[in-house]
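Engineer: sequence plus predicted model, see below.
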Amino acid sequence: MPTHRGTQTIETPRLILRRATLADAQAMFDHWASDPQVTRYLMWPAHTSTDITRQVLQSWVNGYQQDNFYQWLMVHKDLGQPIGSISGMTCEGTSRESDYAQYLRYHFYTCEKPEHLGASNHLLFVGQA
């Protein structure tokens, strides 16, 4: 069984994966949470207001109190603002350690492979506006 460490900052040459804050609400809403083309394959619908985005962010901020909560915002270093989010979760009813869900605006497309994720071979796709 792994030792949980919670959401820690991860840095790659082009990205910073970090904890979300309430101050990220407008960027999250503008860049992906309000876009139906992004959210149509997610477990939640497009946000219709920044109030909804703030509620989601508040639940993430509350979750950071737990060592087994993994929710990052992806910040593109050149843009200096969040462009997507990624989370790790235990698959209910399975023995798999974790699955990674990526939420990205469809027009971002640059590859990163954060070696900091250990044995994970998942790629993060982000990039240029």
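Structural biologist: Great, that's in hand.
Engineer: so for the longest helix along the chain, mean pLDDT?
Structural biologist: Longest helix in the chain, counting residues (DSSP state H): helix 50-63. Mean per-residue pLDDT for helix 50-63: 97.
Engineer: go on, stretch 67-77?
Structural biologist: 90.
Engineer: what comes up buried for that stretch?
Structural biologist: F69, Y70, Q71, W72, L73, M74, V75, H76 (16 or more other C-beta atoms under 10 Å). Bear in mind the C-beta positions are built from the backbone N, C-alpha and C, glycine included.
Engineer: among the residues you listed, which are in helices?
Structural biologist: Among the buried residues of stretch 67-77, no member falls in helices (DSSP H).
Engineer: on that earlier part again, who's in contact with the longest helix of the chain?
Structural biologist: 19-22, 24-26, 28-29, 33-34, 44, 47, 69, 71 (C-beta atoms under 8 Å, 6 or more residues apart in numbering).
Engineer: Provide a ChimeraX selection command restricted to the buried entries of those.
Structural biologist: In ChimeraX syntax, the buried subset of the contacts of helix 50-63 is picked out as below (16+ other C-beta under 10 Å):
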select :19,20,24,25,28,29,33,34,47,69,71
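Engineer: would you state the strands of this protein in chain order?
Structural biologist: With DSSP state E as the criterion, the chain has strands at 10-11, 15-18, 70-76, 81-89, 99-104, 110-112, 124-126.
Engineer: quick check: closest non-adjacent residue to R18.
Structural biologist: Nearest residue to R18, sequence neighbours excluded (C-beta to C-beta, 6 or more residues apart in numbering): T9, at 4.9 Å.
Engineer: what is the neighbour count of the one you found?
Structural biologist: 11 (other C-beta atoms under 10 Å).
Engineer: and for the one 5 residues further on?
Structural biologist: By other C-beta under 10 Å, 17 other residues sit near R14.
Engineer: do G6 as well
Structural biologist: By the criterion of other C-beta under 10 Å, G6 has 14 neighbours.
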